[in-house]
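A.B. asks: Coordinates only, no sequence provided:
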């Protein structure tokens, strides 16, 4: 995705992405995509299965985010959310409220 790509080679920004992966546009975000050059280890991708509901999402989101906060210790957090994760979105495949 564009946010990850913008910071893929720097250690100044860590990106964390929870998303559908596989046969879904744009096809980026493999769990092994962790950054390049100085940015190696500063991109975290969490591929999710179709049908993800609020409870399942929270059980994944909280421990991953807690660990990143512990290790990276950011001075600021910027959140960018796509609406295609919401229940009923015709492009998405999750059931989040």
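C.D. replies: Received the coordinates, thanks. Quick caveat: nothing in here was measured; it's all calculated off a predicted structure.
A.B. asks: secondary structure class for the residue nearest the centre of the chain?
C.D. replies: Centroid check for the chain by CA atoms, centre = their mean gives residue 17 as the closest residue, at 0.8 Å. What DSSP: H, G, I helix; E, B strand; the rest coil gives for residue 17 is strand.
A.B. asks: residues in contact with it?
C.D. replies: By CB atoms under 8 Å, 6 or more residues apart in numbering, residue 17 lies in contact with 1, 3-4, 29, 43-46. In this view, the C-beta of every residue, glycine as well, is placed from N, C-alpha and C.
A.B. asks: What residues are bridge-paired with it?
C.D. replies: Residues in a beta bridge with residue 17, per DSSP bridges, are residue 45.
A.B. asks: Can you list the low-confidence ranges for this structure?
C.D. replies: Within the chain, the set of residues satisfying pLDDT under 70 comprises 1, 22-27, 83-84, 91.
A.B. asks: Do a quick rundown of the strands in it.
C.D. replies: For the chain, applying DSSP state E gives strands covering 15-20, 43-48.
A.B. asks: And those strands: which comes nearest residue 89?
C.D. replies: strand 15-20 (11.5 Å; CB to CB).
A.B. asks: State the distance from the residue nearest to the centre of the chain to residue 75.
C.D. replies: 20 Å (CB to CB, to the nearest Å).
A.B. asks: Could you do residue 62 as well?
C.D. replies: 21 Å.
A.B. asks: Noted, bye for now.
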